[in-house]
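In: Here's my sequence, what's the structure:
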Amino acid sequence: MLRAYKLAIAPTVIHAAALWGLGVIGGYFVAFGGMWGPPWGIAGMWLMQSVAPALAALLLVAVYPRASAVLRVEELDLASS
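Out: Numbers count the residues shown, from 1 in each chain. Have a look, this model is predicted:
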């Protein structure tokens, strides 16, 4: 039985949005598009590739209390049955 299958969706979406959305697409725009002044080149790509996991970590820390509360409720339901 997969106990936490419902809890895996939020971290997956957070990682995908941060790494692909902010990291790759944002990195492309900063490196080649020059969002903040002239194009930054490879430094812009590295910057966004560094910012993306930091954002994902902050969002995952925000999601963790809800996920742990859901698991606690499910454990109590299993124990009472």
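In: Just the buried positions in the helix ranked longest in the chain, please.
Out: With secondary structure taken from DSSP state H, the chain has its longest helix at helix 42-80. Within helix 42-80, the residues that count as buried by 16 or more other C-beta atoms under 10 Å are 44, 45, 48, 49, 51, 52, 55, 56, 59, 67. C-beta: built from backbone N, CA, C; applies to glycine.
In: so which of these comes closest to residue 22?
Out: For these, the minimum distance to residue 22 (C-beta to C-beta) is 4.4 Å, reached by residue 52.
In: And for residue 16, the neighbour number?
Out: Around residue 16 there are 11 other residues, counting by other C-beta atoms under 10 Å.
In: That one and residue 22, how far apart?
Out: 11 Å (C-beta to C-beta, to the nearest Å).
In: Tell me the confidence at the closest residue to residue 7 other than its chain neighbours?
Out: Using C-beta to C-beta, 6 or more residues apart in numbering and skipping residues adjacent in sequence, the residue nearest residue 7 is residue 67, 4.9 Å away. Note on residue 67: pLDDT of 75.
In: my guess is residue 67 contacts residue 6, does it?
Out: No. The criterion here is C-beta atoms under 8 Å, and residue 67 misses it with residue 6 at 9.3 Å.
In: Greatest separation within the buried residues of helix 42-80: which pair is it?
Out: 44 and 67 (33.6 Å).
In: Columns distance to residue 73 on top of the buried residues of helix 42-80, output as JSON lines?
Out: Output for those, formatted as JSON lines (distance: C-beta to C-beta, whole Å):
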{"residue": "44", "distance to residue 73": "44"}
{"residue": "45", "distance to residue 73": "43"}
{"residue": "48", "distance to residue 73": "38"}
{"residue": "49", "distance to residue 73": "37"}
{"residue": "51", "distance to residue 73": "34"}
{"residue": "52", "distance to residue 73": "32"}
{"residue": "55", "distance to residue 73": "28"}
{"residue": "56", "distance to residue 73": "26"}
{"residue": "59", "distance to residue 73": "22"}
{"residue": "67", "distance to residue 73": "11"}
